[in-house]
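*Asks:* requesting a structural model of the entry that follows:
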Amino acid sequence: MYKSLLTVDLCSGYCLQSVRTDMVDSEQVLGCKAPMGLVLMLLLFSLLGPLGQVQAQDCEKPMRDTMSLIDEDILKVHFPDGALVTFECAMGYRRIGGSSKTTCEAGTWTPLTLTCKMVRCKVPIIPNGSPKSGARPPYVHRSLVEYECNPGFKMDGVGVMTCQLNSTWSSTPVCKAIIITTTPTTTTATINTTMTPKTPATTQKVVKCDSAPSVDNAEAPSPNKDVYDYASVVRYKCLKDYTINGSASLKCSSNGKFTPNPPTCLMVRCKVPIIPNGSPKSGARPPYVHRSLVEYECNPGFNMDGAGVMTCQLNSTWSSTPVCKAIIITTTPTTTTATINTTMTPKTPATTQKGNIVFELKTNKQ
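*Replies:* Here you go, the predicted structure:
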């Protein structure tokens, strides 16, 4: 008679093994067997050892063209595994969106989603104004420009503007027309009865000037327009060989007229200087126009009285006319007293221009 015993051992993750039977005492044994894939994996890890494990690695300093690290991370070169750093947009860029943080994982930085855009400001539009100084386009962050109003307009606000991070200007000035306020004069007259005037009325107007006056022998005024705003300036330039006499610039005044009076253009010609006993030394040559400069010197034996340097003036005359005068030498003759049987007593020496010596002879009486 057979003795039968059944033993069951269930192992998690394993399958049942084969049955063994004894002739005398029948015993059935169920064992556990690991899956083949798991066996191979364990065998692979045992062979690779440390090479099969993921080791922690440092990260190099992360660099971005349009952004930079903040705080103490700016000075670091290496970062340990797990380090978390923060970026900000670089100078001249502004943040559009995305996360500014990234983490070092096994020698590699996680993706950074921060987006930075370069700051750009549009060209300022100031009606009745124009650039005076400052930066030129393109206008980036902190670009600075200065505007001024055209003649006849006055600025309300700050003329110096700075490009800000939000791509707008720090200020927007306004050029307002200059309005002249006038009060008419009043008089009181007595015709049988006394007339008392009413309070004078105040009027306002925007001043304009008509076309600038023309000047003979000159180019057209610059700028040349039909109507000019208050405080506008026009400039004149004479034609070749002509010289301007007066102010070259006129300004539109509050009475609607240009001031001062327009200039004239003159043909300036000075004659060749005639200096008796003198000759040219240096300077310009004919024809002598306005401001031509010449220098004269006297001939040998003559001395100059006056300035030898002369300038051709607007009235076509020279600034000076020197005179060359003869050099006169004055001499005093020397005298001696000699005795040759007679005594010679000289007269008082005479002063002459020729230098002659005069003697007087006296005979001694024995």
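
*Asks:* so what sits opposite the residue found closest to Tyr242 once you drop the neighbours it is linked to in the chain in the bridge?
*Replies:* Closest residue to Tyr242 apart from its sequence neighbours, by Cβ to Cβ, 6 or more residues apart in numbering: Cys265 at 4.1 Å. C-beta coordinates here come from the backbone N, C-alpha and C atoms, glycine included. Under DSSP bridges, the beta-bridge partners of Cys265 are Ile244.

*Asks:* tell me, how many residues neighbour Cys265?
*Replies:* Other residues lying near Cys265 total 19 when counted by other Cβ atoms under 10 Å.

*Asks:* can you pull the contacts of it?
*Replies:* By Cβ atoms under 8 Å, 6 or more residues apart in numbering, the residues touching Cys265 are 215-218, 238-239, 242-245.

*Asks:* now with 6 Å, please.
*Replies:* Listed by Cβ atoms under 6 Å, 6 or more residues apart in numbering, the contact partners of Cys265 are 217-218, 238, 242, 244.

*Asks:* please report how far it lies from Asn217.
*Replies:* 4 Å (Cβ to Cβ, to the nearest Å).

*Asks:* now swap in Pro131 and tell me
*Replies:* Counting by Cβ to Cβ, the gap from Pro131 to Asn217 is 36 Å.

*Asks:* from memory Gly306 sits against Pro322, does it?
*Replies:* Yes - using Cβ atoms under 6 Å, Gly306 is in contact with Pro322, at 3.5 Å.

*Asks:* would you map the strands across the stretch 251-366 of the chain?
*Replies:* Secondary structure of the stretch 251-366 of the chain by DSSP state E, counting those that start in this stretch: the strands cover 258-259, 264-266, 278-283, 293-298, 302-305, 309-311, 323-326, 339-340, 342-344, 361-362.

*Asks:* neighbouring strands - and their directions - for the fifth one?
*Replies:* Using DSSP bridges, strand 302-305 pairs in its sheet with strand 323-326 (antiparallel).

*Asks:* mind listing what's buried in the strand it pairs with?
*Replies:* Cys324 (16 or more other Cβ atoms under 10 Å).

*Asks:* export that strand to CSV, keeping only CA atoms.
*Replies:* Output in CSV follows, covering the C-alpha atoms of strand 323-326 (Å, rounded to 0.1, in the frame of the first residue of the first chain):
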residue,chain,number,x,y,z
VAL,A,323,54.5,156.2,-46.1
CYS,A,324,58.2,155.5,-46.9
LYS,A,325,60.3,158.5,-45.7
ALA,A,326,64.0,159.1,-46.5
